[in-house]
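# Only the shape, not the letters, is given here:
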């Protein structure tokens, strides 16, 4: 089983120091990721969902080795990622960003954008490079005539295909997809999602798919991790987590998905306020604190590490969010009552 | 009073580009009924936003034909051809005669004063007359512009997709909302009379001084006593001998810092905990946290701040007092300079600084918002469910989260109680939970204030949850229009079916191939005359050349009747 583990993340923390005061002393930290443990199996797609500011993107960057780790460890095929030379990591792990236009040099042609990784790593150049780029463009559904064009000549969906071709150029084992479809129209989004799935099958890739769109994550992922304020609150099979969510935050997220069906009941559970600032996060269960749950205080001294409730379904145990009663409590929660203290903006 | 609040009929617009005119809308019909939410769906580049911008008169395109009627009033103003020609002629006459007058001026001073004078004055007179004529003929368009200014805000308001770019980052929330209200005369009578405001502003430097002392007594006392010491030293003539004394601050501040922060257990030591926290027990460099005390044999825990670095009391003292060294150094340098320079220069410096600062302080105080207006703004923010409105009004846009900013935008636009709200992708940039909050807010506002909403979005989920009627646009044309239940139950046009099919659904089969509409919207300059969706599907035949008509398929369900697109069996999704 351990051979199948591609990524092993243990109690990962990433804190960003805030420099303030006269001499920019570090007095406080933004706790972007605060103790995340995850395993990614070879060949699977792991979806990570959560609201903005919950540390999804930071987690992605940390596990790519793009920013240093504060504490904890990330192991890639059993080896600590900090000990693998940078050049080797980049060959195995690639990333596709949200804004395809922003991640490409506007003065480079598609051939040089897609071929640059091959050139830098000394894999091919000249005519050989042109042939390789041709194959890559073909694999993402672009034509070889596109090779001489520049990024601004393409639509959003095509740019995302180019970004994908660039990520595929070194034949990686792992691709991190950081909100790859958020900037796209629905029909183009469907095209890109189909492309991702077919590439994954044909090239035997492992994906980590970060998104705030729960319907998209469910469609493409095998397992889904729900993050809230730097912590994973629930992790399970995609079907399981949508059919049988256990944590109150997951329930809120799922109920908030707009359904393309006018007859569907508009019964979304509304939560007041935004994600609190990760600078001074509340102790204990952060979501219980946002709900101003009466039993939140009990969670302060509890061990909130994930528990397995059924095979493969991990939930953060806390008296406020995972009790079966919590549903009713959320609905009964008077919105006026929860105005005030906790929802002040940062 | 007709049933429709907004009626767009046969709207056709184009943009003038360097490559010639590009058609953006082609006979668009759209109705927004009273107290209803009309949804406008389509991909990017299909003309949703252009339609809304033409409606409120902010579009930069040329309207070829069609009308936009709001409560029976025409919002699109088309100047007659003759007026346009007259304005063109008058402006060219103005340019030519101004050039002539410059020529005449130089002739006057260089060659012949009399002839030059004639040319100079004559051409100035001609340009003034031509400008006056043009001004007279543009009176209609100026009148229309005034009318549109009244309509925008009072009658029709718009909220945009990205609230950060729609709000001004330099002004606080209350300033921006009150500006809108002042523009539309919605502000209440100010609480303080004008003369009192001026008086308050004039004494505001003293008020500011007093408040500073009140807020920070310790540092103010220190600064004032240092200044008093410097002045006394200069006047009593011991400035030269007191210079070495100023260096004492380098020693005083570290000790002060050490005593204050080192013993109080606050401030920096809180940071110390934060600094040590993430390292507890799991140091990657391999230094163990616990060690056995060799004398007592008990386990002691050692704090480790950095890999391989062990904190001891000496180091801790240095950490606390180190900032004091820098602060003390800076203070002593300033005091040394003040003692070093002649007294007259010091006073001159002080007077110049004061003179430069005073007008700004006074003017800024005069610009302060009246308390009555401030309260009015917080009431509006309370209406859009912002917690703590009294604090939020003082904040700047960057201090607010995305959902709060969008609420401020909605509050700003509701402040003038418009009858029609145009929301251009209001929730696209927001998280699902915040999106649900904003949509609920918009529903509530519609119910309370009976506002009609034109909701532009590409998310069919939002449409299904919000709208009463839906208009589907494709490539600058309306392809289908129906009530929301009818549209989702019985989508007639292939494009509508495609949009519904390609939306990922939480009930669909996971990992299946999502149906997707092949290709993309054609470039506006390549649009065909016939059915443009057939163009996208790369069909040939007469549907691509002959424009299909809009037919009423069933009561209230209009569709562009392209025979191939209406046939569900012809749908070929990838």
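Good, I have the coordinates. It should be emphasised that the depicted structure is a prediction, and the values quoted were computed from it without experimental measurement.

# make it CA atoms for all contacts and neighbour counts henceforth
Will do.

# So what's the gap between stretch A:164-180 and the chain middle?
14 Å (Cα atoms, centre = their mean, to the nearest Å).

# Run the contact check for that stretch versus chain B.
No - on the criterion Cα under 8 Å from any Cα of the partner chain, stretch A:164-180 is out of touch with chain B, staying 12.5 Å away.

# Quick one: end-to-end distance for that stretch.
9 Å (Cα to Cα, to the nearest Å).

# what mean pLDDT would you report for that stretch?
Stretch A:164-180 carries an average pLDDT of 92.

# Residue A:217 contacts residue A:49, doesn't it?
Yes - counting by Cα atoms under 8 Å, residue A:49 is a contact partner of residue A:217 at 7.5 Å.

# tell me the pLDDT at the closest residue to chain A within chain B?
Across chain B, the shortest distance to chain A (Cα to the nearest Cα) belongs to residue B:461, at 3.9 Å. pLDDT, residue B:461: 86.

# Using the three-state scheme, assign the residue nearest to it when sequence neighbours are not counted.
Leaving aside its sequence neighbours, residue B:461 sits nearest to residue A:260 (Cα to Cα, 6 or more residues apart in numbering or on different chains; 3.9 Å). Three-state assignment for residue A:260 (DSSP: H, G, I helix; E, B strand; the rest coil): coil.

# residues near residue A:260, how many?
19 (other Cα atoms under 10 Å in any protein chain shown).

# doesn't residue B:460 make contact with it?
Yes - using Cα under 8 Å, residue A:260 makes contact with residue B:460 at a distance of 5.3 Å.

# which residues are in contact with both of the two?
Residues touching both residue A:260 and residue B:460 by Cα atoms under 8 Å, 6 or more residues apart in numbering or on different chains: residue B:500.

# Okay, now the unreliable bits of the chain?
Using chain A here. Applying pLDDT under 70 to chain A picks out residues A:1-3, A:20-27, A:265-269, A:273, A:323-346.

# actually it's chain B I care about, not the one you picked
Applying pLDDT under 70 to chain B flags residues B:1, B:261-316.

# at 80 instead, please
Flagging of chain B using pLDDT under 80 yields the residue ranges B:1-2, B:45, B:161, B:257-323, B:387, B:428-430, B:505-511, B:519-520, B:541-543, B:568-574.

# Of all the helix elements in it, which one is longest?
helix B:81-110 (DSSP state H).

# If you count neighbours, what's buried in that helix?
B:86-87, B:90-91, B:93-94, B:97-102, B:104-105, B:107-108 (16 or more other Cα atoms under 10 Å in any protein chain shown).

# likewise stretch B:432-449?
Neighbour count says stretch B:432-449 has B:432-443, B:445-446 buried, by 16+ other Cα under 10 Å.

# For the residue in the stretch 201-346 of chain A that chain B sits nearest to, give its distance to residue A:5.
Residue of the stretch 201-346 of chain A nearest chain B, by Cα to the nearest Cα: residue A:260 (3.9 Å). According to Cα to Cα, residue A:260 and residue A:5 sit 37 Å apart.

# Equivalent analysis for residue B:566, please.
From residue B:566 to residue A:5 the distance is 50 Å (Cα to Cα).

# shared neighbours, residue A:217 and residue A:49?
Residues within reach of residue A:217 and of residue A:49 at once, by Cα under 8 Å, 6+ apart, are A:210, A:211, A:224.

# Tell me the residues on the stretch 151-300 of chain A that lie near chain B, please.
So far as Cα under 8 Å from any Cα goes, the stretch 151-300 of chain A lies against chain B at A:185-188, A:190-191, A:193-194, A:197, A:212-213, A:215-216, A:218-221, A:239, A:242, A:252-253, A:256-263, A:266, A:268, A:270-274.

# Neighbours of residue 211, how many?
Just so you know, I chose chain A. Around residue A:211 there are 24 other residues, counting by other Cα under 10 Å.

# Wait, chain B was what I had in mind.
Residue B:211 - counted by other Cα under 10 Å - has 12 other residues nearby.

# Using the three-state scheme, assign it.
Under three-state DSSP, residue B:211 falls in the helix class.

# any idea where the helices of the stretch 151-300 of chain A begin and end?
A:156-168, A:186-203, A:214-220, A:238-243, A:248-255, A:286-291 (DSSP state H, counting those that start in this stretch).

# Was I right to think residue B:505 contacts residue A:215?
Yes - Residue B:505 lies in contact with residue A:215 (Cα under 8 Å); the separation is 5.7 Å.

# thinking again about what came up before, now the helix or strand following the longest helix of chain B: buried residues?
Counting by DSSP states H and E, the element after helix B:81-110 in chain order, helix or strand, is helix B:113-137. Within helix B:113-137, the residues that count as buried by 16+ other Cα under 10 Å are B:116-117, B:119-120, B:123-127, B:130-131, B:134, B:137.

# And those, which two are furthest apart?
For these, the farthest-apart pair by Cα to Cα is B:116 and B:137; their separation is 31.8 Å.

# In space, not sequence, find me the middle residue of chain A.
Chain A has residue A:210 as the residue nearest its centroid, 2.5 Å off, counting by Cα atoms, centre = their mean.

# okay, the angle between the helix or strand that contains residue A:136 and helix A:156-168?
Using DSSP H and E, residue A:136 sits within helix A:127-139. If you take axes from the mean of the first three to the mean of the last three Cα atoms, to 10 degrees, helix A:127-139 sits at 130 degrees to helix A:156-168.
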